[in-house]
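Q: got a sequence here, can you model it:
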Amino acid sequence: MSNIVVAIDFSDCSINALEHAITIADKGGYKITMVWVNNPTTTKILLASNKSVELRIEVEAQFAGILKKYSPGLFPHQLEWVIREGIIYKEVSKLAVELDAMLIVAGTHGASGFEEFWAGSNANKIISMSKCPVITLRHDVSPVKELKRIILPIDSTTETRQKAAFTQKIAALFNAEVFVLALFSSSVRAMQLMVEGYAHQVIDFLRGHGIRCHYDERKSRNNALTIIEYAKEKKGNLISIMTDQETTAANIWLGPYAHQIVNSSPVPVLSIHPISLDLALGY
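A: Alright, predicted model coming up:
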């Protein structure tokens with residue numbers, strides 16, 4: 001059974017992330033492993049110390065409440081939890097590797113009842129460090145029960161096509177439509193034709209796997225803002241991006257491309273790391 005790791009700090013933000021993960025796990029029959037990370041730098045308590053008893057009791061009680069609420073209707077042992085100690089984003093990423101997880105789901109920030117864990121930078125660092133895809137939800141983004149309209153932007157980087165393979169898996173689970181958006185950040189026609197070519201290669205790949213696709217193109221001075229506006233226009237409920245993308249002068253001022261999307265998107269964001277030599281689709 002494939003595993004989804006969910007970063008938990010018991011805030012509304014992380015519970016939103018859990019509910020989103022459950023929606024995906026229900027469709028695919030995946031196992032969910034929730035992880036709470038004690039950062040002794042923040043709590044001033046080591047789990048191996050005598051002072052940790054009350055902290056551990058509270059954490060275990062929180063997890064018991066989650067299991068009681070969400071386990072009914074799931075497969076036996078489909079929802080489990082672990083406690084780790086260390087730096088939050090490192091431990092979440094390490095656990096995903098240990099479990100050979102297919103996906104991490106995390107809220108972009110939130111505050112628990114007994115300490116603040118998920119500053120936005122933690123979610124961003126999880127995305128940056130993790131080898132598997134990561135879905136993030138902002139604290140004010142409600143989980144979606146059905147991911148029916150997925151936004152898949154395509155730019156001039158060769159890596160941009162690699163997100164098609166995992167996006168196809170998610171789209172197949174939900175019988176979703178994929179809206180492929182060609183982004184023209186250059187006025188050079190040869191560059192635009194290359195982006196069009198990449199977009200149509202992705203569409204051919206998706207349609208070859210039975211996914212319904214739509215094609216659009218937009219001139220863009222800032223890809224992040226263009227994608228977010230397009231997602232609103234199309235009523236998308238998931239945006240699929242690569243973690244490394246092309247940058248423009250505007251992006252330099254506003255911060256890295258992926259962080260702009262993750263921090264500003266009104267819908268969940270699926271972030272995927274590129275791999276070398278464009279092996280994802282054989283290009």
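
Q: I'd assumed Gln201 was in contact with Thr160.
A: No: counting by CB atoms under 8 Å, Gln201 is not a contact partner of Thr160; they are 10.2 Å apart. (Glycine included, C-beta is placed from N, CA and C.)

Q: those two - which one has more neighbours?
A: More crowded of Thr160 and Gln201, by other CB atoms under 10 Å: Thr160, with 25 against 15.

Q: look up the closest residue to the more buried one, ignoring the ones flanking it.
A: In this structure, Thr160 finds its nearest non-sequential neighbour in Ile154, 5.2 Å apart by CB to CB, 6 or more residues apart in numbering.

Q: could you tell me how many residues sit around the one you found?
A: So Ile154, with other CB under 10 Å, has 25 neighbours.

Q: same question for the one 5 residues further on.
A: Counted with other CB under 10 Å, residues neighbouring Glu159 total 20.

Q: how much space separates the residue nearest to Thr160 from Ser185?
A: Distance, Ile154 to Ser185, using CB to CB, to the nearest Å: 11 Å.

Q: which residue packs closest to Arg149, ignoring adjacent ones?
A: Nearest to Arg149 is Gly236, by CB to CB, 6+ apart, at 4.7 Å.

Q: related to what we said a few turns ago, shouldn't the residue nearest to Thr160 be in contact with Val195?
A: Yes: between Ile154 and Val195 a contact is recorded at 6.1 Å, counting by CB under 8 Å.

Q: any shared contact partners between the two?
A: 182-183 (CB atoms under 8 Å, 6 or more residues apart in numbering).

Q: now the helices for the stretch 1-150 of the chain?
A: Along the stretch 1-150 of the chain, the segments classed as helices by DSSP state H, counting those that start in this stretch run 12-28, 40-43, 52-70, 88-98, 120-129.

Q: of these, which is nearest Glu80?
A: Nearest of the helices of the stretch 1-150 of the chain to Glu80, taken as CB to CB: helix 52-70 at 8.5 Å.

Q: before we move on, back to that, for the residue nearest to Thr160, what are its contacts?
A: 160-161, 180-183, 195, 198-199, 202.

Q: torsion angles phi and psi at it?
A: Note on Ile154: its backbone torsions stand at phi -130, psi 130 [degrees, to the nearest 10].

Q: only the buried residues of stretch 216-234, if you could.
A: 218, 220, 222-228, 230-231, 234 (16 or more other CB atoms under 10 Å).

Q: and the end-to-end length of it?
A: For stretch 216-234, the first and last residues are 11 Å from each other (CA to CA, to the nearest Å).

Q: show residues contacting it.
A: Here stretch 216-234 has contacts from 149, 151, 153, 155, 179-185, 195-196, 199, 236, 239, 241, 245-246, 248, 250-251, 254, 257, 260-261, 264-267, using CB under 8 Å, 6+ apart.

Q: kindly recompute the last result at 6 Å.
A: 151, 153, 179, 181-185, 239, 250, 257, 260-261, 264-265, 267 (CB atoms under 6 Å, 6 or more residues apart in numbering).

Q: repeat that for stretch 132-150.
A: In contact with stretch 132-150 (CB under 6 Å, 6+ apart) are residues 13, 16-17, 19-20, 23, 96, 101, 103-110, 123, 126-127, 166, 171, 174, 176-178, 235-238, 262, 268-272.

Q: and the residues you listed, which of them are buried?
A: 13, 16-17, 19-20, 23, 96, 101, 103-110, 123, 126-127, 166, 171, 174, 176-178, 236-238, 262, 268-272.

Q: okay, now the unreliable bits of the stretch 151-283 of the chain?
A: Within the stretch 151-283 of the chain, the stretches with pLDDT under 70 are 244-256, 276-283.

Q: what's the pLDDT at the residue located most distally from the centre of the chain?
A: Note on the chain: the largest C-alpha distance from the chain mean falls to Asn50, namely 36.7 Å (CA atoms, centre = their mean). Listed pLDDT for Asn50 reads 76.

Q: for it, give its distance to Arg56.
A: 11 Å.

Q: likewise Glu233?
A: 48 Å.

Q: same thing with Asn38?
A: On the measure of CB to CB, Asn38 and Arg56 end up 9 Å apart.

Q: cool, thanks, signing off.
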